[in-house]
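Novice: task: produce atomic coordinates for the following.
(2 chains)
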Number of protein chains: 2
Amino acid sequence: MSDMTSTADAPRSPGRPRSVRADEAIVDATLDLLAEGSTVETITIEAIAARAGVGKATIYRRWPNKVALLRDALRTLKGTPPEPAGRSVRDDLVLLVGAIGHHVDPRAARIMPCLVPEVNRSPDQYELYQGIIEPRRQMMREVLQRGVRAGELRADLDVELTMAMLTGPMLVQRMLRWHPDLDEATMPERVVDTILAGLRPRD
Amino acid sequence: MSDMTSTADAPRSPGRPRSVRADEAIVDATLDLLAEGSTVETITIEAIAARAGVGKATIYRRWPNKVALLRDALRTLKGTPPEPAGRSVRDDLVLLVGAIGHHVDPRAARIMPCLVPEVNRSPDQYELYQGIIEPRRQMMREVLQRGVRAGELRADLDVELTMAMLTGPMLVQRMLRWHPDLDEATMPERVVDTILAGLRPRD
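Specialist: Okay, here's the model as predicted:
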């Protein structure tokens, strides 16, 4: 049974091709080094290769450069994005807002906040950051555009601004514990319902 | 004329008491050290005293401990908070949202992002962070409460959640350039107007 309960404990299961195992070891080594204090700037392909127990050529066969490898590695911290059901715009937004700032890998707590000060330092860093969040942003964009087409949302909706408005509150709460009394568990639905309804009294 | 055009160039103007000049030198030394790479954890009263050219006793006469000094020093980065005019709730919110993530001291760009990863490390750090933002948060809280009392905002408004919703979008844009195409200059009024009106179509 034990080899079925945890794939993490069985990286050398004979059913998986050697190249997949090498890719996983490389991504894992990258995340370990970042969690231990390497930065996006200081981490090297040499150090990753040494940590993963592979040659540099193995890494370059799969990733053209460091930024591409970092992007794939950092994406795994967040796990698979949730799949909007495609029925209620409100419910899909609650699902996507709930995934903001949520990580499946515990190393994220050490890696992600430290990425923030680096984001604005160079075009490379910024491209890396955008490359990680853009696929998730695109899912939210599509839900909002669907809502506009269906007449559930205002025809003049500023989609990019609305995405920042849905994302910002969760991100500052999860990254900065912005307000200690806010309940994170119910926050996604309360943020979505508040922004849908607006702050003015209903008349 | 020159001694009237810049107080920064005239710290030793004879009209200012010696204690005020010492306080300014201490705050300035603190910010210099943080901007040069000292962290909230590693900076010491000794180093600040040496940089400011004062004795440790001079610092302890004014501040009981390091966190109190850091709080005052970091507050000066943001300058004087804007004064809501107290007439239109909408205009007051635009004013306060516009001040979020805005700094008057250029050292802030090097200091503030690096503070983020530290915030969640210890109760001291967290208290420091809350101590800096709470006075400004209180101004926004009062505007929202005034809006509820005046019937301009919903009676069932969740004030703390609304503050996070007004703050988050500006903060992620200014700290992370969350979306490169968002116009920061008009963002405060667009965020406020969007959240006031809600996303649903007007019917």
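
Novice: lowest-confidence helix or strand of chain A?
Specialist: helix A:2-5 (a mean of 38; mean pLDDT, DSSP states H and E).

Novice: and the next element down the chain from that helix?
Specialist: In the C-terminal direction, the helix or strand that comes right after helix A:2-5 (DSSP states H and E) is helix A:18-35.

Novice: gap between the helix or strand just after that following helix and the chain center?
Specialist: Scanning forward in sequence from helix A:18-35 by DSSP H and E, the next helix or strand is helix A:45-52. Going by CA atoms, centre = their mean, to the nearest Å, the spacing between the C-alpha centre of helix A:45-52 and its chain's C-alpha centre is 24 Å.

Novice: ok, stretch A:192-203 next?
Specialist: Relative to the chain's own centre, stretch A:192-203 is displaced by 29 Å; criterion: CA atoms, centre = their mean.

Novice: ok, residues contacting that stretch?
Specialist: A:90, A:93-94, A:97, A:162, A:165-166, B:147, B:151-155, B:157-158, B:161-162, B:165, B:194-200 (CB atoms under 8 Å, 6 or more residues apart in numbering or on different chains). C-betas here are computed from N, CA, C, even on glycine.

Novice: for the spatially most central residue of chain A, which non-adjacent residue is spatially closest?
Specialist: The centre of chain A sits closest to A:K78, judged by CA atoms, centre = their mean, with a distance of 4.2 Å. Of all residues beyond its chain neighbours, the one nearest A:K78 is A:H103 (5.7 Å), with distances taken as CB to CB, 6 or more residues apart in numbering or on different chains.

Novice: ramachandran coordinates for the one you found?
Specialist: Its backbone dihedrals place A:H103 at phi -130, psi 140, with angles given as degrees, to the nearest 10.

Novice: next up, the contacts around A:D28.
Specialist: Neighbour list for A:D28: A:A52 [criterion: CB under 8 Å, 6+ apart].

Novice: biggest helix in chain A by residues?
Specialist: In chain A, ranked by residue count with DSSP state H as the criterion, the top helix is helix A:123-149.

Novice: what packs against that one?
Specialist: For helix A:123-149, the contact count by 3 or more CB pairs under 8 Å, 6 or more residues apart in numbering or on different chains; DSSP states H and E identifies helix A:66-78, helix A:89-99, helix A:108-119, helix A:159-176 as packing neighbours.

Novice: swap the cut-off to 10 Å and go again
Specialist: Judged by 3 or more CB pairs under 10 Å, 6 or more residues apart in numbering or on different chains; DSSP states H and E, the packing partners of helix A:123-149 are helix A:66-78, helix A:89-99, helix A:108-119, helix A:159-176, helix B:159-176.

Novice: in that helix, what's buried?
Specialist: Of the residues in helix A:123-149, A:125-126, A:128-133, A:136-137, A:139-140, A:143-144, A:147-148 count as buried by neighbour count, 16 or more other CB atoms under 10 Å in any protein chain shown.

Novice: report how many residues lie close to A:E83.
Specialist: Other residues near A:E83 come to 10 when the count uses other CB atoms under 10 Å in any protein chain shown.

Novice: distance of it relative to chain B?
Specialist: Plainly put, A:E83 is 22 Å away from chain B if you go by CB to the nearest CB, to the nearest Å.

Novice: okay, now the unreliable bits of chain A?
Specialist: When the per-residue scores of chain A are filtered using pLDDT under 70, the ranges that remain are A:1-15, A:113-121, A:203.

Novice: give me that answer again for 50
Specialist: A:1-11 (pLDDT under 50).

Novice: show me the domain layout of it.
Specialist: A:7-76, A:79-197 (automatic domain parsing).

Novice: ranking these by burial, who's on top?
Specialist: Mean neighbour count, computed with mean count of other CB atoms under 10 Å in any protein chain shown, is highest for domain A:79-197 among the domains of chain A, reaching a mean of 17.

Novice: how long is that domain end to end?
Specialist: Across its full length, domain A:79-197 reaches 31 Å end to end, with CA to CA, to the nearest Å as the criterion.

Novice: got the angle between the longest helix of chain A and helix A:66-78?
Specialist: With axes from the mean of the first three to the mean of the last three CA atoms, to 10 degrees as the basis, helix A:123-149 and helix A:66-78 are set at 50 degrees to each other.

Novice: now A:D32: how far from A:P106?
Specialist: From A:D32 over to A:P106 the distance is 12 Å, taken as CB to CB, to the nearest Å.

Novice: correction: A:V159
Specialist: For A:V159, the distance to A:P106 (CB to CB) stands at 34 Å.

Novice: is A:R87 in a helix, a strand, or coil?
Specialist: When classified by DSSP: H, G, I helix; E, B strand; the rest coil, A:R87 comes out as coil.
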